[in-house]
Structures are given as structure tokens and as C-alpha cells.
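Asks: The amino acid sequence is not available; the structure is as follows:
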């Protein structure tokens with residue numbers, strides 16, 4: 001039986017640790033359904049409600065609880081560091097790009113995102129600034145295709 005590159009990738013992906021993690025998204029607009037464009041999520045409800053919702057400077061904000069059901073890459077995971085190194089990707093530049101609030105196309109066209117997606121990852125947890133105290137950091141998660149990797153998306 002000949003195994004294509006696509007089938008091999010799917011077999012490897014099935015063996016990867018799939019997460020089922022609660023995440024929180026803040027938006028200035030109501031979200032009726034998830035799209036395939038990347039979205040950022042907080043790992044703590046307080047980060048979303050006391051941080052991002054408040055930092056929207058008086059504008060109405062909507063906070064959503066979601067269940068991530070995909071494969072998460074972590075910035076400090078040695079496997080991810082090796083993957084980036086082999087691909088010639090600078091992880092610090094990637095994280096800087098993600099924390100600058102780029103447009104969806106910029107995220108999806110970034111070589112680091114492409115490497116992660118090609119290797120079966122649905123999201124990337126990285127260090128981001130804390131909107132409650134800009135001198136501190138918090139973990140943040142970018143989910144590349146929420147329509148496929150997020151379930152149970154409900155307003156809090």
C-alpha cells in the first residue's frame with residue numbers, strides 16, 4: 001500500500017495529543033458563528049473580562065467561552081523550537097508579530113504559521129502582554145481555524 005504525504009500527515013496527526021481546553025475570546029462585535037480566520041483567545045476568564053473587555057476603552061465588548069478541540073503548539077516546547085529551527089523561523093520574531101495584532105492574512109501567510117499548520121497544529125500558545133498591566137505578560141492562544149478547532153462557543 002502506497003502512503004501519500006497527505007495520508008502520512010493525517011496518520012501522524014491522529015497520534016498527536018489533541019487538547020480539550022477552555023479558552024476565552026473578547027470581541028467588540030457579537031459573533032454568531034465562527035469563521036476560518038484566526039482568532040486570539042485568553043487562557044483565563046479574568047484575562048478576557050478584566051483585561052481585554054475593559055481595555056476596549058468604554059466600547060461594548062462581548063466575551064465568549066470556547067472549547068479548543070485541536071492540537072496546540074506551545075512556544076517553549078522543544079519540539080516546536082526544533083521545528084522552527086529546521087525551517088529557519090525565528091520564534092521571537094513570530095511572537096512579536098502575533099502580539100502586534102496583525103490581520104488574518106498576515107498570520108496565515110507567516111512562514112511560522114504555515115509550518116505549524118503543515119505539521120498538524122491548530123493553534124499556538126505564546127506570551128502576550130497583559131492588558132491589565134502592560135509591564136506583565138500572560139499566555140495567549142491564536143487558533144488558526146476556529147471553525148474547525150473550536151466547539152461550544154458561547155457568550156459569557
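Replies: That came through, no problem. Small disclaimer: the values here were computed from a predicted structure and weren't measured.

Asks: For the rest of this, base every contact and every neighbour count on C-alpha atoms.
Replies: Will do.

Asks: For the helix or strand hosting residue 92, which residues meet the burial criterion?
Replies: Using DSSP states H and E, residue 92 sits in helix 91-99. Neighbour counts over helix 91-99 (16 or more other C-alpha atoms under 10 Å) mark 91, 94, 95, 98 as buried.

Asks: Same question for stretch 25-33.
Replies: Applying 16+ other C-alpha under 10 Å to stretch 25-33 flags 25, 26, 27 as buried.

Asks: can you pull the contacts of the first one?
Replies: Under the criterion of C-alpha atoms under 8 Å, 6 or more residues apart in numbering, the neighbours of residue 25 are 39, 40, 41, 42, 48, 63, 64, 65, 66.

Asks: From residue 121, how far out is residue 33?
Replies: Relative to residue 121, residue 33 is positioned 22 Å away (C-alpha to C-alpha, to the nearest Å).

Asks: Show me the helices in this structure, by range?
Replies: Taking DSSP state H as the test, the helices found in the chain are 5-15, 45-46, 53-55, 78-87, 91-99, 104-109, 111-118, 146-149.

Asks: The ones you listed into CSV, with extra columns for distance to residue 21 and mean pLDDT?
Replies: As requested, the helices of the chain are exported to CSV (distance: least, C-alpha to C-alpha, whole Å; pLDDT from 0 to 100):
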stretch, distance to residue 21, mean pLDDT
helix 5-15, 18, 54
helix 45-46, 12, 84
helix 53-55, 21, 54
helix 78-87, 19, 92
helix 91-99, 21, 95
helix 104-109, 22, 96
helix 111-118, 19, 96
helix 146-149, 11, 94
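
Asks: For the ones you listed, give me CSV that also has distance to residue 71.
Replies: What follows is the helices of the chain, written out as CSV (distance: least, C-alpha to C-alpha, whole Å):
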stretch, distance to residue 71
helix 5-15, 8
helix 45-46, 21
helix 53-55, 27
helix 78-87, 12
helix 91-99, 18
helix 104-109, 17
helix 111-118, 10
helix 146-149, 8
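
Asks: what's the closest of the ones you listed to residue 137?
Replies: Ranking these by proximity to residue 137 (C-alpha to C-alpha) places helix 91-99 first, at 10.9 Å.

Asks: Identify all contacting residues around the closest one.
Replies: Contacts to helix 91-99, defined as C-alpha under 8 Å, 6+ apart, come from residues 75, 81, 84, 107, 110, 112, 126, 127, 128, 129.

Asks: Can you select the buried ones from the residues you listed in PyMOL?
Replies: Selecting only the buried entries of the contacts of helix 91-99 in PyMOL, with 16+ other C-alpha under 10 Å as the criterion:
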select buried, resi 75+81+84+107+112+126+127+128
